[in-house]
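1. sequence and predicted structure are below.
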Amino acid sequence: MKSGLEAGLTATRRITIDKPRTIDFLGEDLRIYATPELVRDIEVTCREFLLNYCDDGEDSVGTGIQVSHSGATLLGMNVEITIRVTKVDGRAVSFEATASDGVEQIGGGEHSRCVVDVAKIKSKVMAKAQKVRGG
């Protein structure tokens, strides 16, 4: 992991709410930003931020998330997700996130990630897959 990652650093990502990011079960007139997509977008924002601090062969995986989603964002609107590093403990990094759609804050929460060595985690996953296959 590269140096310089510390509490207080921030980043913002702007997302246009496209059809795949919306719910469909309330009908076409109520195509609004789906909560699972907000969760995914917060995770992606944090991962992309952390990639700036990863060495070759490293990436990060999510280890926890707590999100509230309190506002309806319409299809075609833009959302800004702002993240702030709240804690760095070795390879474990905690974030605070907020999401706004230009009219109101629509959600936010906390997310934690761990920087991992991709080859090492692949080895562990392949060993588990071998056990599942009965080997």
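-> Nice, I can see it. Numbers count the residues shown, from 1 in each chain.

2. strands along this protein, start to end?
-> 10-16, 58-69, 78-89, 92-100, 105-117 (DSSP state E).

3. dump the residue contacts of the closest residue to Val44 other than its chain neighbours.
-> Ranked by Cβ to Cβ, 6 or more residues apart in numbering and with sequence neighbours excluded, the top spatial neighbour of Val44 is Arg13, at 7.7 Å. Heads up, the C-betas are built off the backbone N, CA and C, glycines and all. Counting by Cβ atoms under 8 Å, 6 or more residues apart in numbering, Arg13 touches Asp41, Val44, Thr45, Glu48, Glu80, Ile81.

4. give me that answer again for 10 Å
-> Arg13 sits next to 41-42, 44-46, 48-49, 79-83, 99 when contact means Cβ atoms under 10 Å, 6 or more residues apart in numbering.

5. Ser94 too?
-> Counting by Cβ under 10 Å, 6+ apart, Ser94 has contacts 7, 46, 63-64, 84-88, 110-113.

6. got it, and Gly90?
-> By Cβ under 10 Å, 6+ apart, the residues touching Gly90 are Met1, Cys114, Val115.

7. close enough to count as contact, the last one and Phe49?
-> No. Counting by Cβ atoms under 10 Å, Val115 stays clear of Phe49, with 11.6 Å between them.

8. quick one: low-confidence residue ranges for this protein.
-> Within the chain, the stretches with pLDDT under 70 are 135.
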